[in-house]
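# got a sequence here, can you model it:
(one chain, ligands or ions: 1)
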Amino acid sequence: MKRVITYGTFDLFHKGHYNIIKRAKALGDYLIVGVTSESFDIERGKLNVRDSLIKRIENVRRTGLADEIIIEEYQGQKVNDIIKYDIDVLVVGSDWRGKFDYLKNYCDVVYLERTKNISSTKLRSEGVIFNMGIVTDDIRDNDFVEESKYVSGVHVERVFSEDHETAQRFCDKYELGSCWNSYDEFLADVDIVYIKTSLNRRAEYIERALKKGKYVISDSPMTLSSEKLRYLFQVARENNVVLIERTTLVYLRAFNQLVWLVHSNLVGDLVSVKCAISQDDFEGGRTFNETVCTAICAVLKLLGKKCQDINTNAVRNQEGRFVYDMISMKYAGALATIEIGTTVDIENELVIIGSNGRVTIPNDWWNTGYFEANISGKEFLKRYSFNFEGNGFRYLLQELMIMIRDKRTECTRLFYDESVRIIEILETINRKDNS
Ligand code: CTP
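Residues are numbered from 1 along each chain as shown. Sure thing, here's the model as predicted:
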């Protein structure tokens, strides 16, 4: 009996999928179809898949052509499958020509011509597209335009800047559709706004966009006042839209997995969280307030909102400018310390110490796909590694698209009351640093 296998995502099942499955079946007596799992697709950077795994499997099953359906869950699985299922022929579309030749040692590899003029990508682009606009006061986009290309259903069209020349130069640089220096006119034709102006103008732009019913992403912090932030979230709720801050950390698989494992007792009871950032290294160089927010967010996610006491120890130069700051946050049974290097270079690192071991995210921990655990009594480090693409913004955009689709009015990765708590802590830090 000749055994054939073929693989695919099979999103928005179409004629091309049917054809390849049919032709694969004709090459043997028994056909196995591998359907990619959601986590495998995310791992390999394919963020735009619409149908659930169950639905995609069901569509393959309904062809009546597959004798067996399996799930493709990791890179390198094909070799194992070929051996395990005693495969004679691997079939893939011509878009993969040459890519699987290394499997010829194990079975025949057949590349079949793709069906013309149809693909999941094409079908996805025919759905509803949300127009995004960017509000800026310089011509840097923080890779927003590039990152948005990896998420289906969104398209960056417009740029607003109070300074017409900046808007024009931004528009030319990123090849956008139009530039504006009237905010109301800019808002008229966008669904989602990304606000990346300097901090003193953010709250005003956010409020005006929310009141026009636009979804808003803003650089973090959105404001330095917790009262104002509560008000902005209230406006978002009243207008049935989501307001999210650009804190990439909470959208990363590695960080979410770390939080989950730590809360499931990976290293026992938490005793200490230490995070250190050099301002110069944080997203191409940021202000103290912008930098420290991400660190507070990490602490909050790990130790919770119930911080009992906050202290700061700032080092300043002769002109009174910040050089370095060490912030401590006291919790019942645990202590968090945040080190910020303003003009000095410090080792970026996040270390979590528990009664039974230690978890470390080395280097740029706010932008990571990797962490390691050192468990007491175990000789070897346990390493956790996840794919991480670009600067992480795409994961936030992807989540926003899901929120829009599900008509959600709050982000579950960073709840509104968590955002407010971060700003309350920041208010205390700023008060103590300036007293
Ligand atoms: N395929 C095909 N003809 C098409 C589209 C896909 O023969 N017009 C084949 C692919 O070559 C692959 C299998 O169907 O072997 C599953 O492809 P998949 O990546 O799921 O579909 P695409 O439509 O190519 O998806 P996307 O646009 O997301 O890449």
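# can you pull the contacts of the residue of the stretch 1-150 of the chain found nearest the ligand?
Nearest to the ligand in the stretch 1-150 of the chain, going by C-beta to the nearest ligand atom, is Gly93, at a distance of 1.6 Å. Glycine gets a C-beta too; all of them are placed from N, C-alpha and C. Taking C-beta atoms under 8 Å, 6 or more residues apart in numbering as the criterion, Gly93 is in contact with Gly8, Gly16, Ile20, Tyr111, Leu112, Glu113, Arg114.
# now swap in Leu224 and tell me
Applying C-beta under 8 Å, 6+ apart, the residues contacting Leu224 are Leu199, Asn289, Ile423, Leu426, Glu427, Asn430.
# what do you get for Met222?
Arg202, Ala203, Ile206, Leu229, Leu232, Leu243, Glu245, Ser419.
# skipping its backbone neighbours, what lies nearest His14 in space?
With C-beta to C-beta, 6 or more residues apart in numbering as the criterion, His14 has its nearest non-adjacent residue at 5.2 Å, and that residue is Ile118.
# follow-up on the earlier one: max pairwise distance over the contacts of Leu224: which two?
Leu199 and Glu427 (13.9 Å; C-beta to C-beta).
# the helix ranked longest in the chain: which residues count as buried?
Longest helix of the chain, by residue count under DSSP state H: helix 416-433. Within helix 416-433, the residues that qualify as buried are 416, 418-426, 428-429, 433, counting by 16 or more other C-beta atoms under 10 Å.
# now do that helix, average pLDDT.
In this model, helix 416-433 carries a mean pLDDT of 95.
# all strands of the stretch 101-250 of the chain, in order?
108-112, 130-135, 154-160, 178-180, 192-195, 215-219, 243-246 (DSSP state E, counting those that start in this stretch).
# any chance of these in a markdown table, plus distance to the ligand and mean pLDDT?
Shown next, in a markdown table, are the strands of the stretch 101-250 of the chain (distance: least, C-beta to the nearest ligand atom, whole Å; pLDDT from 0 to 100):
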| stretch | distance to the ligand | mean pLDDT |
| --- | --- | --- |
| strand 108-112 | 6 | 96 |
| strand 130-135 | 19 | 95 |
| strand 154-160 | 16 | 91 |
| strand 178-180 | 29 | 92 |
| strand 192-195 | 23 | 97 |
| strand 215-219 | 25 | 96 |
| strand 243-246 | 26 | 94 |
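# helix or strand for Ser328, which one?
Ser328 belongs to strand 322-331 when elements are defined using DSSP states H and E.
# partner strands of that strand and their direction?
strand 309-316 (antiparallel), strand 334-341 (antiparallel) (DSSP bridges).
# ok, which of the ones you listed comes nearest the ligand?
Evaluated over these, closeness to the ligand peaks at strand 334-341, with 41.7 Å, by C-beta to the nearest ligand atom.
# list the contacts of that closest one.
With C-beta under 8 Å, 6+ apart, strand 334-341 has contacts from 269-280, 288, 291-292, 295-296, 299, 302-303, 307, 324-329, 346.
# just the strands in the stretch 251-400 of the chain please.
With DSSP E, counting those that start in this stretch as the criterion, the stretch 251-400 of the chain has strands at 270-278, 309-316, 322-331, 334-341, 349-354, 357-362, 370-375, 382-385.
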